[in-house]
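J.: below is the structure, and that's it, no one-letter string:
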């Protein structure tokens, strides 16, 4: 299917969900003036914005403006006003030269853009357009809220984080400002409390160079005081890297052992493979420091394991070939690292036994065509930490900041719910894995169960 078809399916899914909840018609009502049809109203709702005529020539100062200049200030009231302003900002950046930078500091509450499916739908669609034009985003937040209904929890958002398009940072200090944003050189925005305004909020957006310069400097000041960013390039050997003690710290092991973990990975790897098995395939001895929290301490599924989402084609193929290249382990060791078939069989058998031993442990087998659409793989220890990597293995990260970890936690939950029921039918999963271990290979059509080519991770992807 084409990317356009995928997008249409995702959009249809989201609109159907809103319609079933009785939320679609009220959203479309303002767009159904003068006999506008239902379909046209939906289109206007999704992509049309009455963007003010903001200038597209930027300046950091008033020094080059001559004797006078025209700037625009746009004021919106309430939560809906803020959301409209955020959408208008994405429309505005779309009119500017490519590769702009957007910095947003949400310093007291992120509820303004969380927990609202209809807003998240529109925001993500416009965000994708900005991303395609090279726009990069940095969001400074102060705490982790529930990401349900927020752009943050989608696999698309996490993938852009790994690609460097989006960067999340955490500020732990006191901030008098409520919400500040900037497109350096072009635009700035603020949200301030006002008891006389709707929802007690006033949003002000401006192209005045004085305001833009002031808010840009303020945003960069908050950035300079943020906690260290995610540890990118985590799945790389640490020779000569000053981050070695921080990235591969044994002190993390104890805290992670108490956290429930879930994983999305082509093969059963992190959280299933033991440290001894890693030493065998890597060729390094047990005395060399390694990130042990990635590996199981025993040759069985840990009691804190919750969900594994595996690629059925990859598991099946690994069980039928003499050895399988592991890109995550290869990245970690900076050399090609192969897992022998006998070890793959041990790992799969371990998963199968884990399914029998614990009703809290679940596994899904997802066909390759659908699995690839997730874009990322990761393991997340709920509330504790996460390691994620792009499926092309061009980037990886490790983080323990709550605002980052909750994104991975919620993304895993969300993707699990979106999977075809046949892929996560535990009786079928157990039967399939047992059949493969006994060299009874089911036909691929039996494994897919649903049309993998039609599957999408969801409307926010």
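T.: Sure thing, it's come through. In this text, all values refer to a predicted model and were calculated from it rather than measured experimentally. Residues are numbered from 1 along each chain as shown.

J.: got any ranges where the protein has weak pLDDT?
T.: 1-16, 23-24, 26-71, 109-115, 143-154, 236-255, 284-290, 440-461 (pLDDT under 70).

J.: got phi/psi on the residue positioned nearest the centre of the chain?
T.: For the chain, residue 158 is the residue whose C-alpha lies nearest the centre (Cα atoms, centre = their mean; 2.1 Å). With angles defined as degrees, to the nearest 10, residue 158 sits at phi -60, psi -40.

J.: can you name the residues that contact it?
T.: 376, 378, 388, 407, 408, 411 (Cβ atoms under 8 Å, 6 or more residues apart in numbering). (C-beta placed from N, C-alpha, C; glycine too.)

J.: just send these back as JSON lines, with distance to residue 321 and neighbour count too.
T.: Converted to JSON lines, these look like this (distance: Cβ to Cβ, whole Å; neighbours: other Cβ atoms under 10 Å):
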{"residue": "376", "distance to residue 321": "25", "neighbour count": "23"}
{"residue": "378", "distance to residue 321": "25", "neighbour count": "24"}
{"residue": "388", "distance to residue 321": "27", "neighbour count": "27"}
{"residue": "407", "distance to residue 321": "35", "neighbour count": "27"}
{"residue": "408", "distance to residue 321": "31", "neighbour count": "28"}
{"residue": "411", "distance to residue 321": "31", "neighbour count": "29"}
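
J.: for these, which one is nearest residue 299?
T.: residue 378 (23.3 Å; Cβ to Cβ).

J.: correct me, but the closest one touches residue 261?
T.: No: in this structure residue 378 lies outside contact range of residue 261 using Cβ atoms under 8 Å: 10.4 Å.

J.: chain center to the strand or helix carrying residue 430: distance?
T.: According to DSSP states H and E, residue 430 maps onto helix 426-437. Helix 426-437 has its C-alpha centroid displaced from the chain centroid by 30 Å (Cα atoms, centre = their mean, to the nearest Å).

J.: check which helices and strands it is in contact with.
T.: If contacts are counted by 3 or more Cβ pairs under 8 Å, 6 or more residues apart in numbering; DSSP states H and E, helix 426-437 sits against helix 312-318, helix 341-357, strand 362-366.

J.: repeat that with 7 Å
T.: helix 341-357, strand 362-366 (3 or more Cβ pairs under 7 Å, 6 or more residues apart in numbering; DSSP states H and E).

J.: out of those, which gets nearest to residue 215?
T.: strand 362-366 (44.0 Å).

J.: can you give me the angle that closest one makes with helix 426-437?
T.: Strand 362-366 and helix 426-437 meet at an angle of 70 degrees, taking axes from the mean of the first three to the mean of the last three Cα atoms, to 10 degrees as the criterion.

J.: quick check: angle from strand 362-366 to helix 341-357?
T.: 130 degrees.

J.: roughly how far is strand 362-366 from the heart of the chain?
T.: Worked out by Cα atoms, centre = their mean, strand 362-366 lies 20 Å from the chain centre.

J.: repeat for stretch 199-213
T.: 29 Å.

J.: now do the buried residues in it.
T.: 201, 202, 203, 205, 206, 207, 208, 209, 211, 212, 213 (16 or more other Cβ atoms under 10 Å).

J.: what does stretch 328-345 give?
T.: 328, 329, 330, 331, 332, 333, 337, 339, 343, 344.

J.: restricted to strands, list the residues you listed.
T.: Cross-referencing these against strands under DSSP state E gives residue 339.

J.: I'd like the helices and strands packed on helix 426-437 laid out as CSV, including distance to residue 383.
T.: What follows is the helices and strands packed on helix 426-437, written out as CSV (distance: least, Cβ to Cβ, whole Å):
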stretch, distance to residue 383
helix 341-357, 22
strand 362-366, 19
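
J.: most tightly surrounded among these?
T.: strand 362-366 (a mean of 23; mean count of other Cβ atoms under 10 Å).

J.: so which elements touch that one?
T.: strand 305-311, helix 426-437.

J.: who does that strand pair up with?
T.: Here strand 362-366 has these sheet partners by DSSP bridges: strand 305-311 (parallel).

J.: what's the helix or strand residue 182 falls within packed up against?
T.: Assigned by DSSP H and E, residue 182 falls within strand 179-183. Based on contacts counted as 3+ Cβ pairs under 7 Å, 6+ apart, the elements that strand 179-183 packs against are strand 101-106, strand 187-193, helix 209-224.

J.: pull up the pairing partners for that strand, direction included.
T.: strand 101-106 (antiparallel), strand 187-193 (antiparallel).
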